[in-house]
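Student: Here's my sequence, what's the structure:
(chains A, B, C and D)
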There are 2 protein chains.
Amino acid sequence: MVRGQDKAGGSAGGSRQAMPPPSRRSGGSRPTIGDVAALAQVSKATVSFVINDRPGVSPRARQRVLDAIGQLGWQPNAGARALSTKRSQTLGLVMRRPPELLSTDPFFPQFVAGIETGLAPLGYALVLQVVPDEETERQAYERLARDGRVDGVFLTDLRTDDPRPAFVTELGISALIVGPPQHGGQVPALGVDDGSGVRRAVSHLRSLGHRWIGHVCGAAGFVHTEARCDAWRGALADADLPEIPPVAADFTGAAGARATHQLLDLDRPPTAIVYANDLMAIAGITAATSRGLRVPEDLSVVGFDDIPLADCIAPPLTTVRQDVLTWGRAAAQALVSLTEGGEFQAAELPPVEFVVRASTAPPRT
Amino acid sequence: MVRGQDKAGGSAGGSRQAMPPPSRRSGGSRPTIGDVAALAQVSKATVSFVINDRPGVSPRARQRVLDAIGQLGWQPNAGARALSTKRSQTLGLVMRRPPELLSTDPFFPQFVAGIETGLAPLGYALVLQVVPDEETERQAYERLARDGRVDGVFLTDLRTDDPRPAFVTELGISALIVGPPQHGGQVPALGVDDGSGVRRAVSHLRSLGHRWIGHVCGAAGFVHTEARCDAWRGALADADLPEIPPVAADFTGAAGARATHQLLDLDRPPTAIVYANDLMAIAGITAATSRGLRVPEDLSVVGFDDIPLADCIAPPLTTVRQDVLTWGRAAAQALVSLTEGGEFQAAELPPVEFVVRASTAPPRT
DNA sequence: CAGCGTCATCAAACCGGTTTAATATCTAAG
DNA sequence: CTTAGATATTAAACCGGTTTGATGACGCTG
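Tutor: Alright, predicted model coming up:
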């Protein structure tokens, strides 16, 4: 006797009539592995072996199973599979950002797209959460981890003394920091070298003849802000240039304009300013122009990100471009490898690119 | 005898010793409903009843269960629950966009954030996919639907003759179109009235004295592009103004600049241009300025979206702002209601806002 | 006190997969 | 013609929840 445990509905046998193969009864419940097994005249185990590329299935049986799968348009149920294997094949990304910054930042959508291109071929999915504050964020991670929805999480926008690395470690879930490596180093991190972009900017300005360069950095408390500020100081020191204290802003245009005025109000205003993002840089250009300065003749401006608009304004913005898409893809691959027990190996990320346009020029003498 | 089917690990009985309640053995496997049942001295069924607010549980038993849950820090496994209930409490969003447009568009991140704020209180999660082309997109929907990962999906960026409404109908999954209602009307849709923004723009320009207004519309083939173009024609007709054929662009800055030159090269160039998004509008300003025109004195410009940069350039951009966050939240609530068998009822969305800044002025006489 | 309805409780089945241990079949060697 | 060994196949247990049908305890009524 061949048939086994299955309840297996009606049309099992050899009769394949005028039913369009892929569509099935629409709206009805989807076929299960049991249906496939019945149709192929094998056991559920055999079907499972076939779709998981396990040995011990005869070519004949394998073919029958594959035919049945094709006929029914079956696909294993993700939840059931996750239940058995204890792996959800899903990664989580929690973003804590004020909504108004969300639409500003070119990073988020591109990074998500990059993650996706890395995840899709591996059969992983991405669940996304956007939360307003730290408390909610904590709960989000906790829920995702505890109810087994995700196998691992990305940690973005890390702050100095961010509680999350310790938190995920305690929770026992795999995690990957997106950004420069953390001090403690509990959690692996994958990030491009923000510093090199800043150094490129400084060296570019220096080679144009600038000696007195200001910096508008990002919101305080972020690891990447600190990293860039440090890099900036280092670059100035290396180039043997004097330092103007960097002005902190919060990545918004208004803050960028304010910071610009602050720098231009100095007794001896800088001849060039490096901004932590393009939005602030563009706002800076507008601010400088409103004071009667011309860019780049009276003030050189360097941005960071290379947003699509950077090329569409006057003057086109000299800026630092990072390949966020590739970064996201690499992060996805790294985190998957981590959750699957593999060792973490920092992938090579493409270096930042320095895009010279028309917002920089030699200073007036 | 009280204990039943459970294998129930070690410390079930009354001994609750010096184990820190919330943390448990970190890294170990998470507690199951069986552990909770054993600790509370009830059956799994009773625990299930408690957490699902079902009647038929004595106050004493309920309290014991709640205590046990608190002590173990237990949370039901999402996959297991989905398996039984056949509901994953997850919604899917598939975006098909060229990556370079992704970072341009203020819509995507805000909309996702809006969805999240709607979903989180309902206990739903969002899985996201970003795909490059139509073929991949189809597969994405099919996989999400078939493997039971999601209960419903959002359909964005609908094209005219988009196959997806029919596709999801055939697949038998709940879906919600994000945007103006479809012609066929198979799938419910939730969108703001794009047209009213365009009409506001036209009436604003007309009241300033403009009589000859150009339009740079979005990429052809999108439902919302067509909707806006239609609205534009309607608005001109209503205002009894002559029509310049709208110029199609693809939402990028380069296309916006090109379209602008095309309009300004006309024998009789328009005195004002309405753009389908801010990025093209800003590129248009730059293009016009490069021809020696001044904005708004020689040319008035109206954008669409109100990106953060709109306020940071010179001149600040007059534009149409929609409350995408609220839209996303409403969409989330609507789709959840749909998947749970509720009727679809189009929520009231806040009307678009018309933000007058300095890029519009009366035409030269 | 028998008979009945109500309520609390639980064992077992079920959801749809994976995995294990046992069995059936086939082949090659002795 | 056995017998050992390899290979194909399957029944059954399991993952962690939900749901159902049965059972037992209880309070009421007649």
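
Student: Nearest to DNA strand D within the stretch 251-365 of chain A, name that residue for me.
Tutor: Proximity to DNA strand D, evaluated over the stretch 251-365 of chain A using CB to the nearest atom of the strand, is greatest for A:Thr339 at 17.0 Å. C-betas here are computed from N, CA, C, even on glycine.

Student: Contacts only, for A:Phe167.
Tutor: Under the criterion of CB atoms under 8 Å, 6 or more residues apart in numbering or on different chains, the neighbours of A:Phe167 are A:Arg138, A:Tyr141.

Student: That one should be in a helix, yeah?
Tutor: Yes - according to DSSP: H, G, I helix; E, B strand; the rest coil, A:Phe167 belongs to a helix.

Student: For the helix or strand encompassing A:Ala61, which helices and strands make contact with it?
Tutor: Counting by DSSP states H and E, the element that carries A:Ala61 is helix A:59-72. Using 3 or more CB pairs under 8 Å, 6 or more residues apart in numbering or on different chains; DSSP states H and E as the contact criterion, the elements in contact with helix A:59-72 are helix A:33-40, helix A:44-51.

Student: What helices and strands are in contact with the last one?
Tutor: Right, the one you point to is helix A:44-51. Taking 3+ CB pairs under 8 Å, 6+ apart as contact, the helices and strands that helix A:44-51 lies on are helix A:33-40, helix A:59-72.

Student: Point out the most buried one among those.
Tutor: Mean neighbour counts were taken over those using mean count of other CB atoms under 10 Å in any protein chain shown, and the top value, a mean of 24, falls to helix A:33-40.

Student: Now do that helix, average pLDDT.
Tutor: Model confidence over helix A:33-40, given as mean pLDDT, is 96.

Student: That one and DNA strand C in contact?
Tutor: Yes - applying CB under 7 Å from any atom of the strand, one finds that helix A:33-40 is in contact with DNA strand C at A:Ile33, A:Gly34.

Student: ok, that helix near chain B or not?
Tutor: No - counting by CB under 8 Å from any CB of the partner chain, no contacts exist between helix A:33-40 and chain B, the nearest distance being 12.1 Å.

Student: May I have that helix as PDB, with CA atoms only?
Tutor: Below are the C-alpha coordinates for helix A:33-40, written out as PDB (Å, rounded to 0.1, in the frame of the first residue of the first chain):
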ATOM      1  CA  ILE A  33       2.500  19.700   1.100                       C
ATOM      2  CA  GLY A  34      -0.100  16.900   1.700                       C
ATOM      3  CA  ASP A  35      -1.900  17.700  -1.600                       C
ATOM      4  CA  VAL A  36       1.400  17.600  -3.500                       C
ATOM      5  CA  ALA A  37       2.300  14.300  -1.800                       C
ATOM      6  CA  ALA A  38      -1.100  12.700  -2.700                       C
ATOM      7  CA  LEU A  39      -0.900  13.900  -6.300                       C
ATOM      8  CA  ALA A  40       2.700  12.600  -6.700                       C
END
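
Student: Report the inter-axis angle for it versus helix A:59-72.
Tutor: Between the axes of helix A:33-40 and helix A:59-72, defined by axes from the mean of the first three to the mean of the last three CA atoms, to 10 degrees, the angle is 120 degrees.

Student: show me what contacts the residue of the stretch 251-365 of chain A closest to DNA strand D?
Tutor: A:Thr339 makes contacts with A:Arg87, A:Leu91, A:Asp151, A:Gly152, A:Ser174, as judged by CB under 8 Å, 6+ apart.

Student: Buried subset of the residues you listed, written for ChimeraX?
Tutor: Below is the selection syntax for ChimeraX that covers the buried ones among the contacts of A:Thr339, with 16 or more other CB atoms under 10 Å in any protein chain shown defining burial:
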select /A:91,151,152,174
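
Student: Show me the contacts of A:Thr339 that map onto strands.
Tutor: Judged by DSSP state E, strands contain the following of the contacts of A:Thr339: A:Leu91, A:Gly152, A:Ser174.

Student: could you dump these to a markdown table with pLDDT and distance to A:Ala310?
Tutor: Shown next, in a markdown table, are these (pLDDT from 0 to 100; distance: CB to CB, whole Å):
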| residue | pLDDT | distance to A:Ala310 |
| --- | --- | --- |
| A:Leu91 | 97 | 31 |
| A:Gly152 | 96 | 34 |
| A:Ser174 | 93 | 36 |
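
Student: Need the phi and psi values for the nearest residue to A:Arg146 once chain neighbours are set aside.
Tutor: Computed as CB to CB, 6 or more residues apart in numbering or on different chains, the closest residue to A:Arg146 that is not its neighbour in sequence is B:Gln75, at 4.2 Å. The main-chain torsion angles of B:Gln75 are listed as degrees, to the nearest 10 and equal phi -150, psi 130.

Student: cool, A:Val131 as well?
Tutor: Backbone torsions of A:Val131, given as degrees, to the nearest 10, read phi -120, psi 150.
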